[in-house]
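Colleague: Task: produce atomic coordinates for the following.
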Amino acid sequence: MYCHKYKLLLFVVVIICGVSTKTLPSYIQVCRRDPVTINECALRSIEELKSKLSSGLPELNVPGIEPFYIPEYLTSGSQIPLGAVGKDIKVTGASDFSIKNLMVDLDNLTIRARVRFPRLHLEGQYSVNMQVLVVPIKGKGTMKSDAVKCDAELVLKARLEEIDGVQYMKFTSLHTDISIKDYHIRLDGLFNGDKVLGDATNAAINQNRGEFLKAVKPYLENNVSKVFLEIANKVVDGIPYDVLLPKS
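Modeller: Numbering: from 1, shown residues only. As a prediction, this is how the structure comes out:
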């Protein structure tokens, strides 16, 4: 009997100490599960978070998005022989986003949004092995790029998970479709730093930037999805669904 009581006490202590929920920060606006108001409320809530996302949300263990990093991307071209590797790409300008459209499907726990990034600046390391016309090009060094009017179509899906009788929301996937109106790229270090050949090569690369963007796009989308899916889950982690989205 004593052993049974001890086990019961231990179980209660574990439940109280180990499965306690986080307190919802005051800067997160609570939206009710009302199909009529949810879209507008969610938009206001994101706008409230926008200024804080730049430096991060330490209370929720969310890192800042200014800058964020793309560890690596690989490309291969279909119309021109093109192969490139980019590493440790630092992206700045992501915090200056605006929400152009937002729709929340409460029945299917799906959020659809169109987000505009006015300007993104990318810096990192590259290595390239490509051919423009009949000229083989190889090199490695520093890459810089500026992109303007970047639109991202986002589809964020979630599911409910029950822990000890309490439901929590977990985001399961984020699909990102990025379109870029225009961009310019500069590769430094080509041909061992030869300025004439380097300038000519960069001009050729930018003339074919549509093909280059097509090759890079899947890797960029994949990394953006990973970064923002992680942020979304850290924001809601440990907060009951009924606290995040109370019943109307």
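Colleague: Restricting to C-alpha, output the helix or strand containing R119 in CSV.
Modeller: The secondary structure element spanning R119 is strand 110-132 (assigned by DSSP states H and E). Taking Å, rounded to 0.1, in the frame of the first residue of the first chain, the C-alpha atoms of strand 110-132 are listed here in CSV:
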residue,chain,number,x,y,z
THR,A,110,-4.7,25.2,-42.8
ILE,A,111,-3.4,28.8,-43.3
ARG,A,112,-2.9,30.2,-46.8
ALA,A,113,-1.1,33.5,-47.2
ARG,A,114,0.7,35.7,-49.7
VAL,A,115,3.7,37.5,-48.3
ARG,A,116,5.7,40.3,-50.0
PHE,A,117,9.4,40.9,-49.3
PRO,A,118,10.2,44.3,-50.9
ARG,A,119,14.0,43.6,-51.0
LEU,A,120,16.2,40.7,-49.9
HIS,A,121,20.0,40.8,-49.8
LEU,A,122,22.0,37.6,-49.9
GLU,A,123,25.6,37.0,-49.1
GLY,A,124,27.6,33.8,-48.9
GLN,A,125,30.2,31.5,-50.3
TYR,A,126,29.9,29.8,-53.7
SER,A,127,31.7,27.4,-56.0
VAL,A,128,30.7,27.2,-59.7
ASN,A,129,31.3,25.0,-62.7
MET,A,130,29.4,26.1,-65.7
GLN,A,131,29.5,27.0,-69.3
VAL,A,132,28.3,30.2,-71.1
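Colleague: Mind listing the strands that strand pairs with, and their directions?
Modeller: Within its sheet, strand 110-132 is paired with strand 83-92 (antiparallel), strand 98-105 (antiparallel), strand 135-163 (antiparallel), according to DSSP bridges.
Colleague: Show me the longest helix that occurs in this structure.
Modeller: For the chain, the longest helix by residue count, based on DSSP state H, is helix 209-236.
Colleague: just checking, what packs against the helix or strand following it?
Modeller: Toward the C-terminal end, the helix or strand that comes next after helix 209-236 (DSSP H and E) is helix 241-244. Helices and strands touching helix 241-244, by 3 or more C-beta pairs under 8 Å, 6 or more residues apart in numbering; DSSP states H and E, are strand 166-190. Heads up, the C-betas are built off the backbone N, CA and C, glycines and all.
Colleague: what about 10 Å?
Modeller: Using 3 or more C-beta pairs under 10 Å, 6 or more residues apart in numbering; DSSP states H and E, the elements in contact with helix 241-244 are strand 135-163, strand 166-190, helix 209-236.
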